[in-house]
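Student: could you work out the structure for the sequence below:
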Amino acid sequence: MNETEYEVFALRYAYRNDNRASSTFYRFELYKEPEKEYPMDYFFWVVRNKDRTLLVDCGYTRARALERGRTLTASPTDLLARIGVTPDAVDHVVLSHMHWDHIGNVGLFPNATFSLARREFEFWTGPYADRPCLSLALGDEELEAIKSLERQGRLFLIEDDTHELYPGIRLITSPGHTPGQLVADISTRSGSVVVASDALHYYDEMSLDRPFHVFTELEGMYRTYHLLRSLAARPRTWVIPGHDPVVSSAFTEVSEDCLDLTAPIA
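Tutor: Numbers count the residues shown, from 1 in each chain. This is a model prediction of the structure:
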């Protein structure tokens, strides 16, 4: 493995089984389909090679799980330990967006710097983020933690629509779900792994062109689905959604709830 190639793992840390199609897709009634269950898994992602160890997102706390009715299966530190990573060994964390379930544990990584799209940071620290329809997705504690990173000089705000974070890791700003949602396009020995995070909660959003029910820009979400389909059409490319339980059965499990995204199951 050279400096431009990485291992990529999805770490599943929580789930909810009470989710349904009508509470997943925007205006689900338009499709005139029967109701069905849409279980939701919660992941964060490890990207590493011999030179660096990164995370994409970092999940949420046990307190938030209790408050929001989610079931935690393991703590982030326990999951990291299963693949030989300690929190102080994490060099950098990409924050895909500022929803509570993706940024709740930034304080666990004392030596890490962080990346976030500038438009994302400016939106959530701007004049409209406290409106109930928006603030539901971001708690005060999480917002203050991100502001604290910025004050400490540990938060790097990405300006460009496409940004090379490190050789072999490209971040693409993909608005729709949130104003500055980031997608990570990562080179591996097997091909490319595209960590979509919540630019794509479920594969069905991409394949059916069906918007998730939470968004700041509907047209932007359709554009992002088009982008992800284009990326998925490349040879040996795997697009990874943020919450689809299908991921757990589609890739090789190297330890409990730790999935090697460079090793799809045929």
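Student: any idea how far residue 245 is from residue 125?
Tutor: Relative to residue 125, residue 245 is positioned 33 Å away (Cβ to Cβ, to the nearest Å). Any C-beta I mention is one placed from the backbone N, CA and C, and that applies to glycine too.
Student: those two - which one has more neighbours?
Tutor: Set residue 245 next to residue 125 and count neighbours by other Cβ atoms under 10 Å: residue 245 wins out with 16 against 13.
Student: quick check: the more buried one vs residue 19, distance?
Tutor: Using Cβ to Cβ, residue 245 is found at 10 Å from residue 19.
Student: show me where the stretch 1-150 of the chain has strands.
Tutor: 7-16, 40-48, 53-56, 71-72, 92-94, 113-117 (DSSP state E, counting those that start in this stretch).
Student: for residue 191, which of those is the nearest?
Tutor: strand 7-16 (10.6 Å; Cβ to Cβ).
Student: orientation of that closest one relative to strand 40-48 in degrees?
Tutor: Strand 7-16 and strand 40-48 are oriented at 160 degrees to each other (axes from the mean of the first three to the mean of the last three Cα atoms, to 10 degrees).
Student: thinking again about what came up before, what is in contact with residue 245 and residue 19 at once?
Tutor: The overlap between the contact sets of residue 245 and residue 19 (Cβ atoms under 8 Å, 6 or more residues apart in numbering) consists of 39-40.
Student: burial measure for residue 63, as a count.
Tutor: Residue 63 has 11 neighbours, counted by other Cβ under 10 Å.
Student: that should have said residue 252, apologies.
Tutor: Per other Cβ under 10 Å, the neighbour tally for residue 252 reads 12.
Student: residue contacts, it?
Tutor: Contacts of residue 252 by Cβ under 8 Å, 6+ apart are 259-260, 263-265.
Student: can you pull out the helices in the stretch 101-250 of the chain?
Tutor: Applying DSSP state H, counting those that start in this stretch to the stretch 101-250 of the chain gives helices spanning 118-124, 132-135, 140-151, 203-208, 218-232, 246-250.
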